[in-house]
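requesting a structural model of the entry that follows:
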Amino acid sequence: MRAVAQRVRDCTVSVADRTVSSITKGLLVYLGISHNDSDKDTAYVAEKLANLRIFPDTQGKMNLSVLDLDYDILVVSQFTLYGDVRRGRRPSYDAAAAPEVAQRLYLELLESLSARGIHTFGGEFQAIMEVRYVNEGPVTILIDSQKQF
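Below is the predicted model:
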């Protein structure tokens, strides 16, 4: 499972000019799920996101998490995080999970974050979404449950 976590000041996800989710301060997370992922990967990513210390404390040091600050997390499913471009010009998505598996793990991640007391929002699974946000910092962190990076 791969996640791209961005510290945002505000974020809105829309589908066909309809707002699906919106947050003010917190994390925008793009989530890619591979065909090898399981509940263990979901637990790993949820723990990392909940406790990721990338928000500034009173001295300006990145030392606080969404839990510390009662911020939100908005998670957008993005199978293209498993696009492989090592050969040719067209990405291969062979490593991405089938939609029914990906949706189950995506929803499991949302539930896991909510169970930790985090205000959690999602995009619309398998939809063409428009994501608008202001990345503060900018701060962007990569998380991989297989620890490939």
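
backbone dihedrals for L27, please?
Here is the backbone geometry of L27 (degrees, to the nearest 10): phi -120, psi 130.

for it, give me its contacts.
5-8, 49, 52, 66, 71-74 (CB atoms under 8 Å, 6 or more residues apart in numbering). Every residue, glycine included, has its C-beta placed from N, CA and C.

what about R2, how many neighbours?
By other CB atoms under 10 Å, the residues close to R2 number 22.

repeat that for the one 3 residues further on.
Number of residues near A5 (other CB under 10 Å) recorded here: 24.

give me the sheet partners of the helix or strand hosting it and which way each runs.
Assigning secondary structure by DSSP states H and E places A5 in strand 2-15. Strand 2-15 has its sheet partners listed here by DSSP bridges as strand 18-23 (antiparallel), strand 26-32 (antiparallel), strand 130-144 (antiparallel).

among those, show me which one is buried the most.
Highest mean neighbour count among the strands paired with strand 2-15 (mean count of other CB atoms under 10 Å): strand 26-32, with a mean of 25.

could you point out the longest helix in the protein?
For the chain, the helix with the greatest residue count under DSSP state H is helix 99-115.

helices or strands up against that helix?
Counting contacts by 3 or more CB pairs under 8 Å, 6 or more residues apart in numbering; DSSP states H and E, helix 99-115 is packed against helix 39-51, strand 72-77, strand 119-122.

other SSEs contacting the second one?
Helices and strands touching strand 72-77, as assessed by 3+ CB pairs under 8 Å, 6+ apart, comprise strand 2-15, strand 18-23, strand 26-32, helix 99-115, strand 119-122.

now those in CSV, with distance to N135 and mean pLDDT?
Shown next, in CSV, are the helices and strands packed on strand 72-77 (distance: least, CB to CB, whole Å; pLDDT from 0 to 100):
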stretch, distance to N135, mean pLDDT
strand 2-15, 5, 98
strand 18-23, 13, 98
strand 26-32, 8, 98
helix 99-115, 20, 98
strand 119-122, 17, 98
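
tell me which of those sits nearest to P138.
When those are compared by CB to CB, strand 2-15 sits nearest P138, at 7.3 Å.

list the buried residues of that closest one.
2-8, 11, 13-14 (16 or more other CB atoms under 10 Å).

just the angle between that strand and helix 39-51, please?
Relative orientation of strand 2-15 and helix 39-51, computed by axes from the mean of the first three to the mean of the last three CA atoms, to 10 degrees: 80 degrees.

all good on my end, thank you.
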